Structure formats: structure tokens, C-alpha cells
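Student: here is my input, please return the structure:
(one chain, ligands or ions: 1)
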Amino acid sequence: MSNSKLDLNGQEYELPVIVGTEGETAVDVLKLRAKSGAITFDPGYGNTGSCASAITFIDGEKGILRYRGYPIEQVATAASFAEVCYLLVYGELPNRAEYEEFRDLLARHTLLHEDMKKFFEGYSTMAHPMAILSSMVGAVSTYYPSAESDEDLNLNIIRLLAKTSTIAAFSYKKSIGQPFVYPRNDLSYTENFLHMMFAVPAETYEVPPVLDRALNLLLILHADHEQNCSTSTVRMVGSSEASLFASISAGISALSGPLHGGANQKVIEMLEKIRQDGGDYQKYMDMAKDKSSGFRLMGFGHRVYKNFDPRATLLKEAADEVLEQLGVADPLLDIARNLEDTALKDDYFVERKLYPNVDFYSGIIYRAMSIPTEMFTVLFALGRLPGWIAHWKEMRSDPDGRIHRPRQVYVGETERDFVPFDKR
Ligand code: ACO
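Tutor: Okay, here's the model as predicted:
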């Protein structure tokens, strides 16, 4: 381990340097405050390594994303979502026997306790399914106590992965006033979810393979993305030793915001608005460049990717294929392509390295699959679940782990005397 030197107010401090397996360099400031009284300042944690992690590697400049070392392009085309769950949560690809056992466990734990169905009756018909999802996942903890042993914890992990898809599908059925469709253990994770979403008790339903493949791809592409807002939230909440369910519920809430997972819904709403406004995408490009408009091109830009988002590249190709196979012609896809082409040539976007992100094309595919707009972010949450779990698990087993507690630079009033009402 090498050292770096910091010259602060005429005093020199040695700070250790940590280098990751991909050569990423970090200055370890853990002891800086104890030695010098100073803290580091990094609002929004844009340049802060909050942990060491062996789960996902991203190189934002080169557009690289790898799960446990495997390139996303290979994983996305060759794996099933259940396999990716196993890889992220347990660290290695499963052999066939391990995979079959895991798939079987996932299938067997999809049922919700019957009493939990009553919770759905209490939600307003206006409730956003992300709000239902986060509260229902929190509520699962009232049925399954916090895990004491590794075995119990593993069972809770399986329960969470399995039951969240049922909760998501039930929240959709509730929103359209249809009876819940119970899970089927003979189906794969993705087939089962589509079955619970689209089957109607009075009719037979065969999951169309094109939908299954598209969902598999979408969930895999969302499965992990290292220290993003929701994953950092899961780690933050979990660091207080809050339960797995409580931590994931907090992660779902963090994901719901329009600057994070909620962006996929906002992209479609934006494209729809442009269409209704006569399809004049240039007008919206101009608005996005004008700071006073308060308008941003949703689905564009990323804190980490400054070249291209490899997930967006895969989804752009998939959008063309899925729409063609489903025989869907969506005018929003044309608007999206035009926006992308124009933005990629526009100085404003080029200078700021703003490219389409994962949310830009995912919504077009969800729409073609007949997934309602309000469910887009729920699908993102389903995909991100194994990543959140893997990070929670990694954080909790870190021998150096401790409660997360950042510092601040106080810029408020200095000490002053309290003034009673009659003197204010
Ligand atoms: N449209 C127009 N201008 C933009 C956009 C955009 N979508 N995104 C960033 N910019 C501009 C900013 O105004 C800023 O310009 P300036 O340097 O002149 O002030 C510059 O680009 C840098 O933007 P920041 O907001 O500082 O970048 P940051 O890394 O903080 O934000 C974010 C990243 C939140 C993704 C941002 O690009 C954005 O709001 N995008 C739209 C929402 C979106 O698509 N979110 C999904 C992200 S991916 C995900 O969570 C799965």
C-alpha cells in the first residue's frame, strides 16, 4: 500500500492509497479528521468511495459494466435473470444443480401470506405502485422475523426475491380492479411474473416467448449498478442493522424519484407530450438547453457514464427487435430516435457528455409489452433487487463495516441568545 501527502495549513499528513483490482485509486481519508481535525467535502458523494465492493465494476469513460467480472453484453444475451440473481447474491455462477435448486426455491416462496392480501384493500385507487411496493416490502418483515443465522438470512433473501414479484403483479391487478392471479411454480421467474400480470382467471394464458425474453433482458440490465442512490440507501439503512426488508423498502423509495428509477416513466410522459405537441422535438431540445425553462431531457445524462451507457445500447437494439416481433408501431420510438440523433450532434449535449441512459429506451419496450407506465419503475425495482441484496449482504459481512454517518460543514448562524416572543 502506498501513501499520498496532504499539505494542510503548513502541516503535512500522510494518507494511505488504496488501489482496486481494476486499478482505481482512492485516497483513504478515514484517519484524516483524527489527525488534522479536517474533513473532506464532497456534496452528493460524486467523488467519494463509500465502501470497497466486489460486486460490480463500471468504467463510465469507456462504457464498461461488469457483474462479478462478467461483461454485461455477455450476461445480457446468455443468462437468465434467476442466474444473475444467484451470481450477484452469492458471488459465483451456479452449476446446474445449484441453479435448479435456486429456481425451485424461488418458485416455492412466491406465495404471499393470505392476510397480506387485505393490505391491498387499504390503498387508495390513486396510489402509485412504487408506494405500494415499498410499503408492502416493509410489511413482509412483520411476517418473517429478522434473521439470526445465515440459514435464516438466506431464506429471507429467497422470500424477498420471490414475493416481491408477486407483490408487484398484485399491485397492478389491484389498480385495474382484476382478481389476483396466483403464482405458478412450474414457470420461470420471468414467465411467472408475466403470468401473474396478464393472466385472467376466466381465460387460459400462454406467456409469449418474446415478452419473456424482453423481460429477462430488462431485469438483467437493471440488476446492479454499484453505489447509485438506491443501493447506497440500502447500504446506509442496513448499516444501522435494520432488517433486510426495511433496508430494501428504503431502497425502493429512493428508486422512485424521477432523477433515478422514476426517470423511465418520465421519459414516456415526455415523449408523449412531444407527440401531442405535434412531434416538434427540436423545441424540447431547445428547452432542455435553456436552464430557465427548468426542463431536462429525461433519459439523458448519467453521473457515471460519460461516453455511452452500455445498457442503453443493448436496449436500443432490443426496442427495434421487440416492437418488430410484436408487430407494434410506436410513434414515440421515432421521436426517441430523432431526439437521440439530434442530441448526439448538439454542442450542448456533446460538451456535457450527455448520452441516453438505461431509461431512455426501456419505457418504449415496456409499452410495447403492454406494461402500464406507472409500473415501469416497479419493473426497475424487481430487476435491481438482487443488486440491493448483494450490497446489503456484502456490507453486513464486512468486518470493518460500521454505521454510515457522514460529516458536514456547518454554515449556519454562530451562537446567539434566544429571544422571547415579546422581544422578537
Ligand atoms: N437535460 C439537459 N441538461 C442536462 C441533463 C438533461 N437530461 N442532464 C444534465 N444536464 C446538464 C446540467 O444542466 C449541467 O449543465 P451545466 O454544467 O451547464 O450546469 C450538466 O449537464 C451536468 O449535469 P448535472 O446535473 O450536474 O449531472 P449529475 O451527474 O448531477 O446528474 C442526472 C445526473 C441526474 C442523471 C442528470 O443527467 C439528469 O437529471 N438526467 C435526467 C434524468 C434521468 O434520466 N435520470 C436517470 C438516470 S439513470 C438511472 O438512475 C437509472
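
Student: who in the chain is up against the ligand?
Tutor: Counting by Cβ under 6 Å from any ligand atom, the residues of the chain close to the ligand are 259-261, 263, 288, 296-303, 352, 354, 357-359. Glycine gets a C-beta too; all of them are placed from N, C-alpha and C.

Student: element containing the closest residue in space to residue 199 that isn't next to it in sequence, please.
Tutor: Excluding the flanking residues, the one nearest residue 199 by Cβ to Cβ, 6 or more residues apart in numbering is residue 205, at 3.8 Å. Assigned by DSSP states H and E, residue 205 belongs to neither a helix nor a strand.

Student: quick one: pLDDT of residue 205?
Tutor: Among the per-residue scores, residue 205 holds a pLDDT of 92.

Student: quick one on the thing from earlier: among the residues of the chain next to the ligand, the buried ones, what's the ChimeraX command?
Tutor: Buried residues among the residues of the chain next to the ligand (16 or more other Cβ atoms under 10 Å), as a ChimeraX selection:
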select :260,261,263,288,296,297,298,299,300,301,302,354,357,358,359
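
Student: ok, the residue nearest to residue 199 - contacts?
Tutor: Applying Cβ atoms under 8 Å, 6 or more residues apart in numbering, we find residue 205 in contact with 195, 198, 199.

Student: and what of residue 226?
Tutor: Residue 226 neighbours (Cβ under 8 Å, 6+ apart): 53, 55, 56, 57, 58.

Student: tell me the one among those nearest to residue 88.
Tutor: Nearest to residue 88 out of the contacts of residue 226 is residue 55 (Cβ to Cβ; 6.3 Å).

Student: so how far is residue 314 from the closest one?
Tutor: Separation of residue 55 from residue 314 (Cβ to Cβ, to the nearest Å) stands at 20 Å.

Student: and if you look at residue 323?
Tutor: The gap separating residue 323 from residue 314 is 15 Å, by Cβ to Cβ.

Student: in this protein, which residue sits nearest the ligand?
Tutor: residue 301 (2.3 Å; Cβ to the nearest ligand atom).

Student: which ones are touching residue 27?
Tutor: Residue 27 touches 4, 15, 16, 17, 18, counting by Cβ under 8 Å, 6+ apart.

Student: neighbour-wise, which of these leads?
Tutor: When neighbours are taken as other Cβ atoms under 10 Å, the top entry among these is residue 15 (17 neighbours).

Student: element containing that residue?
Tutor: Per DSSP H and E: strand 11-19 holds residue 15.

Student: just the ones of the contacts of residue 226 in helices?
Tutor: In helices, judged by DSSP state H, none of the contacts of residue 226 are found.

Student: narrow those residues to those in strands?
Tutor: Applying DSSP state E to those, the entries found in strands are 56, 57, 58.

Student: make sure residue 153 is actually in contact with residue 159.
Tutor: No: using Cβ atoms under 8 Å, residue 153 is not in contact with residue 159; the gap is 10.5 Å.

Student: neighbour count for the two, which is higher?
Tutor: residue 159 (21 against 18).

Student: for residue 9, give me the pLDDT.
Tutor: pLDDT at residue 9 comes out at 94.

Student: which residues touch it?
Tutor: Residues near residue 9 by Cβ under 8 Å, 6+ apart: none.

Student: separation between it and residue 105?
Tutor: Counting by Cβ to Cβ, the gap from residue 9 to residue 105 is 58 Å.

Student: burial check on the residue lying closest to residue 403 once chain neighbours are set aside, number of neighbours?
Tutor: Closest residue in space to residue 403, ignoring its immediate chain neighbours: residue 239 at 4.9 Å, by Cβ to Cβ, 6+ apart. Neighbours of residue 239 under the rule other Cβ under 10 Å: 20.

Student: before we move on, what about residue 79?
Tutor: 20.

Student: which residues touch stretch 390-407?
Tutor: Taking Cβ under 8 Å, 6+ apart as the rule, stretch 390-407 contacts 33, 39, 45, 50-51, 53-55, 88-89, 153, 157, 224, 231, 234-236, 238-241, 244, 247-248.

Student: of those residues, keep whichever come out buried.
Tutor: Buried among the contacts of stretch 390-407 by 16+ other Cβ under 10 Å: 51, 53, 55, 88-89, 153, 157, 224, 231, 234-236, 238-239, 244, 247-248.

Student: pull the longest helix from this protein.
Tutor: The chain, longest helix under DSSP H: helix 150-175.

Student: so which elements touch that helix?
Tutor: Helix 150-175 makes packing contacts with helix 96-108, helix 116-122, helix 129-140, helix 189-198, helix 244-255, helix 376-396 when contacts are defined by 3 or more Cβ pairs under 8 Å, 6 or more residues apart in numbering; DSSP states H and E.

Student: list the buried residues in that helix.
Tutor: Those buried within helix 150-175 under the rule 16+ other Cβ under 10 Å are 153, 156-175.

Student: for it, the distance to its chain's centre please.
Tutor: 16 Å (Cα atoms, centre = their mean, to the nearest Å).

Student: which residues touch the helix or strand where residue 216 lies?
Tutor: Remark: residue 216 resides in helix 209-221, with elements defined by DSSP H and E. Helix 209-221 is contacted by residues 72, 75-76, 79-81, 84, 188, 190-191, 193-194, 311, 314-315, 318, 322, 325-326, 358, 362, 365-366, 369, 379, 382-383 when judged by Cβ under 8 Å, 6+ apart.

Student: change it to 7 Å
Tutor: 75-76, 79-81, 84, 190-191, 193-194, 311, 314-315, 318, 322, 325-326, 358, 362, 365, 369, 379, 382-383 (Cβ atoms under 7 Å, 6 or more residues apart in numbering).
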